[in-house]
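# Sequence and predicted model, in that order:
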2 protein chains.
Amino acid sequence: MVTIKDVARIAGVSTATVSRVIHNGSQVGDACRARVKKVIAELGYQPNANAQALVSKTTNTIGVVTPRLSMSFFGTLASGVENAVRENGYKLLMANSLYETQSELDAIQSLRQHNCQAIILNSEYSDEATLIRLAAEIPGLVLVNRYIPQIANRCVWLDNIRGGQWVTEYLLSKGHRQFAAITSIYQNRDPAERLKGSRQALLEQGLSLPQELVAEGTANMAGGEQAVKELLARGQRFTALLAYNDLMAIGAIHALFAAGIRVPEDVSVVGFDDLPVARACRPRLTTMHYPIEEMAAYAVNLAIKLSNADNKAVGQTHLFMPQLVARDSVCGIATVAHGL
Amino acid sequence: MVTIKDVARIAGVSTATVSRVIHNGSQVGDACRARVKKVIAELGYQPNANAQALVSKTTNTIGVVTPRLSMSFFGTLASGVENAVRENGYKLLMANSLYETQSELDAIQSLRQHNCQAIILNSEYSDEATLIRLAAEIPGLVLVNRYIPQIANRCVWLDNIRGGQWVTEYLLSKGHRQFAAITSIYQNRDPAERLKGSRQALLEQGLSLPQELVAEGTANMAGGEQAVKELLARGQRFTALLAYNDLMAIGAIHALFAAGIRVPEDVSVVGFDDLPVARACRPRLTTMHYPIEEMAAYAVNLAIKLSNADNKAVGQTHLFMPQLVARDSVCGIATVAHGL
DNA sequence: CTGAAAGCGCTAACAG
DNA sequence: CTGTTAGCGCTTTCAG
């Protein structure tokens, strides 16, 4: 391994001068600078990042913690983070939290041990108190997809209520009046908010979504299938189905077809997230686009600013809006022959 | 930040002793060890990873380079790597290479600068000479999804030829005799090998796959759609369609349905990879399972061994086999009314 | 079994 | 403009 000493010796200068050249310190003579640069190039010298980190108390590294990279949503999130991190000249340390509070905490610890300059955290299950404490300890900590009022300036989040509202209004505008919903068994934050938005939109039209028209399942395809089967078993009638997310929506479509019910001709189905899979399934899914990649990039930039004590007003909020993407899983009620 | 000195001072021992306790050196008295452990716990001391790296010339960090995390295949790969890395007590540094040779090289450089103990690389476009050189320079470098004979012991790869062969044999066993294929415009390695396997299987039955029954497209949904349109425009007849991968297969199914051709009733379609999306589309896709997560984990363990100079016989190869997953996009030719 | 001391590669005053 | 010097936090001989 070629070190700064080697460069200094061969260039006939001190290590301090080499260091100055590396960091573009203007305090170096032109001739000297040229000579050092030449030697650096010849030797293929690269500063040792660990040594730099040790002395400067900070790394050019940003950490990210998500539940599980293999899931499309988090892979896209990570990809957004990676891009922004790279564009800012930083490196990315990554850890899966596996949906568990303890491994989430472990992941954060391990990132801190490496002196990450900032940490982007998609926390699903840690409680607010823990997160608030963490935020106090780590200047560059930013939460994605979660909103905690006390640390609003650290949160980059999505308006799920609006999302639920807008997608429901879209269905209403298409003439639908008979709604059903499938939601996550974990009725925390997102599922609750999306449903709340939907109910708000319905209420404005004098409609409601009674409990018997809501079924629960795990937030994936299997859960969607199961929830729809339950709805069908209950003998409920509906022309529009609101799914918590795209995966559940796709599961729902499978179950519906299995029961001889066509989508969208008999029942319109909407998802949420706009995962890549929403364009792969048939019919292509009408859904709310979750700008996760942009949010991730935004979070990285915010985290960098915060970690540089670039004082953000406490209480500032970083809110993103979902957007409707109309595809083929919804049709107007006028064209519906009979509903269900 | 609490350092080893703080612990030493408060515990009334030297830093050397604290270091020994941390590393479970057996050279410490029980009483002393207990006292130190207590202080460590009280202070919440965590060794500074950068300082450790500096002195020990190696980190507990493993790097991974993939083209783009937001793509399902690579997200799953990364997830497999992450799991194995964590289980081995290492941390994960990650970089996207964006399908470009230069940024791939940059990514590797940046990982080396951090003294990663090992690097897992999914290289698509770097040439073999570069990779061979890199392997010589970096003891812990392992290539995933690529095979280079000269550095066979560094390659964890899949038998694409067999894959192409097996999936084709499956179709043959279902009675199909009229084949078409859609493949990637980049006729490097994987696409060429899968096609080669298919042709081999066909040849054994006295069949062939002439060029007019092969169309090219980008290796994604759009490419699949376009390739099928081309096949159709050429007026080709076939009952079985071999797609380079799942994404192209799904695009193909879309294009087929758009043309009024049913899958699998009129045409059977097979993919390759077994991405999550293969279970989401309708009909669910029959495809070759690519054990990418297992391969990633295997690669990590191999990389760790190699980096510890745990001498692997040069020339050893680490080959994985794909596996057929029969779902709903294929049906027997006996039940086909007319073919296309 | 434990401590003292040297040094990993680099940066940042402080002199000159 | 450039060199000297003193560490950053930790591990690791080498003595004791």
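Perfect, thanks for sending it.
# contacting residues around the host helix or strand of A:Ala53?
If you go by DSSP states H and E, A:Ala53 is part of helix A:49-56. If you take C-beta atoms under 8 Å, 6 or more residues apart in numbering or on different chains as the criterion, helix A:49-56 is touched by A:59-61, A:91, A:115, B:48, B:50-51, B:53-54, B:59, B:113-115. Just so you know, the C-beta spots here come from the backbone N, C-alpha and C atoms, and that holds for glycine as well.
# going on from it, what's the next piece of helix or strand?
strand A:61-66.
# What average pLDDT does the following helix or strand past that next one get?
Where DSSP H and E defines the elements, the next helix or strand beyond strand A:61-66 is helix A:72-87. Mean pLDDT, helix A:72-87: 93.
# any bit of helix A:72-87 sitting next to chain B?
Yes: Helix A:72-87 reaches chain B (C-beta under 8 Å from any C-beta of the partner chain) through A:72, A:74-76, A:78-80, A:82-83, A:86.
# Quick one: these as JSON lines, columns for neighbour count too.
Below are those laid out as JSON lines (neighbours: other C-beta atoms under 10 Å in any protein chain shown):
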{"residue": "A:Ser72", "neighbour count": "25"}
{"residue": "A:Phe74", "neighbour count": "23"}
{"residue": "A:Gly75", "neighbour count": "28"}
{"residue": "A:Thr76", "neighbour count": "24"}
{"residue": "A:Ala78", "neighbour count": "30"}
{"residue": "A:Ser79", "neighbour count": "24"}
{"residue": "A:Gly80", "neighbour count": "25"}
{"residue": "A:Glu82", "neighbour count": "27"}
{"residue": "A:Asn83", "neighbour count": "20"}
{"residue": "A:Arg86", "neighbour count": "20"}
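# Also near DNA strand C: which of those, exactly?
Among the residues of helix A:72-87 next to chain B, proximity to DNA strand C is found for none (C-beta under 7 Å from any atom of the strand).
# about what we covered before: so which of the contacts of helix A:49-56 wins on neighbours?
Highest neighbour count within the contacts of helix A:49-56: B:Asn50, with 27 neighbours (other C-beta atoms under 10 Å in any protein chain shown).
# ok, back up a step: between the helix holding A:Ala53 and strand B:61-66, how big is the angle?
For helix A:49-56 against strand B:61-66, the angle by axes from the mean of the first three to the mean of the last three C-alpha atoms, to 10 degrees is 120 degrees.
# any residue of helix A:49-56 up close to DNA strand D?
Yes: against DNA strand D, helix A:49-56 shows contacts by C-beta under 7 Å from any atom of the strand at A:51, A:54-55.
# Nearest to DNA strand D among those?
A:Val55 (3.3 Å; C-beta to the nearest atom of the strand).
# re the thing from before, rounded to a whole number, what's the mean pLDDT of the helix holding A:Ala53?
Here the average pLDDT along helix A:49-56 is 91.
# Now the phi/psi pair for A:Phe179, please.
Taking degrees, to the nearest 10, you get phi -110, psi 150 for the backbone angles of A:Phe179.
# So what's the residue count around it?
Neighbour tally, A:Phe179, other C-beta under 10 Å: 24.
# Test my guess that it contacts A:Phe238.
Yes: in this structure, A:Phe179 is within contact of A:Phe238 by C-beta atoms under 8 Å, at 5.9 Å.
# Quick check: neighbours shared by the two?
With C-beta under 8 Å, 6+ apart as the test, A:Phe179 and A:Phe238 both reach A:Leu213.
# from the residues of helix A:49-56 next to DNA strand D, which are also near DNA strand C?
Among those, DNA strand C is touched by A:51, A:54-55 when using C-beta under 7 Å from any atom of the strand.
# ok, now which ones touch whichever residue of chain A sits closest to DNA strand C?
Nearest residue of chain A to DNA strand C, counting by C-beta to the nearest atom of the strand: A:Ile4, 2.8 Å away. Counting by C-beta under 8 Å, 6+ apart, A:Ile4 touches A:15, A:18-19, A:45, A:47.
# Check it and give its pLDDT.
Value for A:Ile4, per-residue pLDDT: 93.
# Apart from its neighbours in sequence, what residue is nearest whichever residue of the stretch 201-340 of chain A sits closest to DNA strand D?
Distances between the stretch 201-340 of chain A and DNA strand D by C-beta to the nearest atom of the strand are smallest at A:Ser307, namely 17.6 Å. In space, and not counting its chain neighbours, A:Ser307 is closest to A:Gly140: 3.0 Å by C-beta to C-beta, 6 or more residues apart in numbering or on different chains.
# List the contacts of the one you found.
A:62, A:116-119, A:303-304, A:306-307.
# before we move on, what about A:Leu324?
A:Leu324 neighbours (C-beta under 8 Å, 6+ apart): A:166-167, A:170, A:286-289.
# What about those, which are in strands?
Those of the contacts of A:Leu324 mapping onto strands are A:287-289, per DSSP state E.
# so A:Arg237 is in which element?
A:Arg237 belongs to no helix or strand, assigned by DSSP H and E.
# What parts of the stretch 201-340 of chain A come near chain B?
A:221, A:247, A:250, A:253-254, A:257, A:276-277, A:279-282, A:293.
# Pick out the most distant pair among those.
A:Phe257 and A:Glu293 (31.3 Å; C-beta to C-beta).
# In chain A, where is pLDDT below threshold?
A:25-26, A:310-314, A:334-340 (pLDDT under 70).
# Now do the helices in it.
A:4-11, A:15-22, A:30-43, A:49-56, A:72-87, A:101-113, A:128-137, A:160-173, A:189-204, A:221-233, A:246-258, A:292-307 (DSSP state H).
# close to DNA strand D, is the second one?
Yes: Helix A:15-22 lies in contact with DNA strand D when judged by C-beta under 7 Å from any atom of the strand; the contacting residues are A:15-17, A:20.
# and that helix, what does it pack onto?
helix A:4-11, helix A:30-43 (3 or more C-beta pairs under 8 Å, 6 or more residues apart in numbering or on different chains; DSSP states H and E).
# Buried ones in the first one, by neighbour count?
In other words, helix A:4-11. A:4, A:6-8, A:10-11 (16 or more other C-beta atoms under 10 Å in any protein chain shown).
# do the longest one as well
By neighbour count, and taking 16+ other C-beta under 10 Å as the criterion, the buried residues in helix A:30-43 are A:32-33, A:35-36, A:39-40.
# And the spatially closest residue to A:Ala326 that is not a sequence neighbour, how far from A:Pro264?
Of all residues not flanking A:Ala326 in the chain, A:Thr286 sits nearest, at 5.3 Å (C-beta to C-beta, 6+ apart). The spacing between A:Thr286 and A:Pro264, counted by C-beta to C-beta, to the nearest Å, is 8 Å.
# shared neighbours, these two?
Counting by C-beta under 8 Å, 6+ apart, the residues touching both A:Thr286 and A:Pro264 are A:328-330.
# OK, now which residue of the stretch 101-250 of chain A is nearest to DNA strand D?
Closest point on the stretch 101-250 of chain A to DNA strand D, by C-beta to the nearest atom of the strand, is A:Gln113, at 8.8 Å.
# export the residues of the stretch 201-340 of chain A next to chain B to CSV and tack on neighbour count and distance to DNA strand D?
Conversion of these to CSV gives the following (neighbours: other C-beta atoms under 10 Å in any protein chain shown; distance: C-beta to the nearest atom of the strand, whole Å):
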residue, neighbour count, distance to DNA strand D
A:Met221, 24, 46
A:Leu247, 27, 43
A:Ile250, 30, 49
A:Ile253, 30, 54
A:His254, 22, 53
A:Phe257, 14, 59
A:Pro276, 22, 43
A:Val277, 24, 45
A:Arg279, 18, 49
A:Ala280, 26, 49
A:Cys281, 26, 51
A:Arg282, 20, 56
A:Glu293, 17, 36
